[in-house]
Every structure is written in C-alpha cells, then in structure tokens.
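In: The amino acid sequence is not available; the structure is as follows:
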C-alpha cells in the first residue's frame, strides 16, 4: 500500500484533484484524513481508490440504465401516438403503432439487459397505448 497526497494521487488515477475531493466527500476511503497545516494532508491509497471509483462508476451506470428503462414505455408511447395521428388510415395505423411500440420495448429492454442482467420487464402500459388499443379494436 502506498499512500499519496491528493494532487499526486489524482494524477496517478487520471482524474482532477477536485473530482478526487468530491469522491472523498462521497465516501472514498482514505489512508489518513488531513488536517490544517503543512505536512498534514490527506493521503490516498491509489489501489483502493481505483477500486472504489470503478465500483461507483458501475453502480452509477446501472442506475442510469434503470432510469432509462423506467421512462422508456412512455417515451415510445408518445412516438407511437404521434405516428398514429400522422397516418391517414386510423384503424390500420393504430395496429401498426401498437405493434411497433411493443416490438420497440422488447428490443430496447433486451439491449439494456446486456448491461444490467437483472433488469425486469415493466407491467406499465401507458394511457396513450391503451387509447390506441381501444381505437384499433373498434
């Protein structure tokens, strides 16, 4: 274990000292918490810091993908509804929009599962899709 001062550890890790200070405030482990005065600076073990930053980055990516997955049905429903309104044949357009929405959801969720394997399917069906389903089945 080699403990380095903040500025040198930041260079070693390839990040800015400001980002390293933020990571310390967020819980990055330190070897020695600094105090005021020369020779009393915070010391960082770069191996521990790198492992902590990598884990934090993975968790942040997973959280972002989960947030995208949660909003995806509504976003694609809006596109399907807009496509329906632009089509001249409303009944046929409704069926096409519904099929397109469902196929898009499955395709994108499968892609997201490549990065977050335990991502579950949403049972949420947006109101826009319910309206299209009603129009299409008249």
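Out: Right, received. Where do you want to start? Given the structure is predicted, the values throughout are model-derived calculations rather than measurements.

In: I'd say residue 4 and residue 43 touch.
Out: Yes. Counting by CB atoms under 8 Å, residue 4 does reach residue 43; the two are 6.6 Å apart. Backbone N, C-alpha and C define where each C-beta goes, glycine included.

In: Spatially central residue for this protein, please.
Out: residue 64 (1.1 Å; CA atoms, centre = their mean).

In: With adjacent residues omitted, what lies nearest to residue 17?
Out: Residue nearest to residue 17 in three dimensions, not counting chain neighbours: residue 10, with 4.4 Å by CB to CB, 6 or more residues apart in numbering.

In: Tell me the helix or strand right after the host helix or strand of residue 97.
Out: Assigned by DSSP states H and E, residue 97 belongs to helix 90-113. Sequence-wise, the next helix or strand beyond helix 90-113 is helix 127-136, with elements assigned using DSSP H and E.

In: List the contacts of that following helix.
Out: Counting by CB atoms under 8 Å, 6 or more residues apart in numbering, helix 127-136 makes contact with 73-74, 77-78, 80-81, 84, 90-91, 94-95, 97-98, 101, all of which sit outside it.

In: Stretch 73-89 now?
Out: 90, 93-94, 96-98, 100-101, 104-105, 108, 122, 124-126, 128-129, 131-132, 135.

In: The helix ranked longest in the chain vs helix 90-113, what angle?
Out: Counting residues, the longest helix in the chain under DSSP state H turns out to be helix 46-86. Interaxial angle, helix 46-86 versus helix 90-113 (axes from the mean of the first three to the mean of the last three CA atoms, to 10 degrees): 170 degrees.

In: State the mean pLDDT of helix 46-86.
Out: Helix 46-86 carries an average pLDDT of 79.

In: for it, the distance to its chain's centre please.
Out: 3 Å (CA atoms, centre = their mean, to the nearest Å).

In: Then stretch 122-138?
Out: Stretch 122-138 sits 27 Å away from the centroid of its parent chain (CA atoms, centre = their mean).
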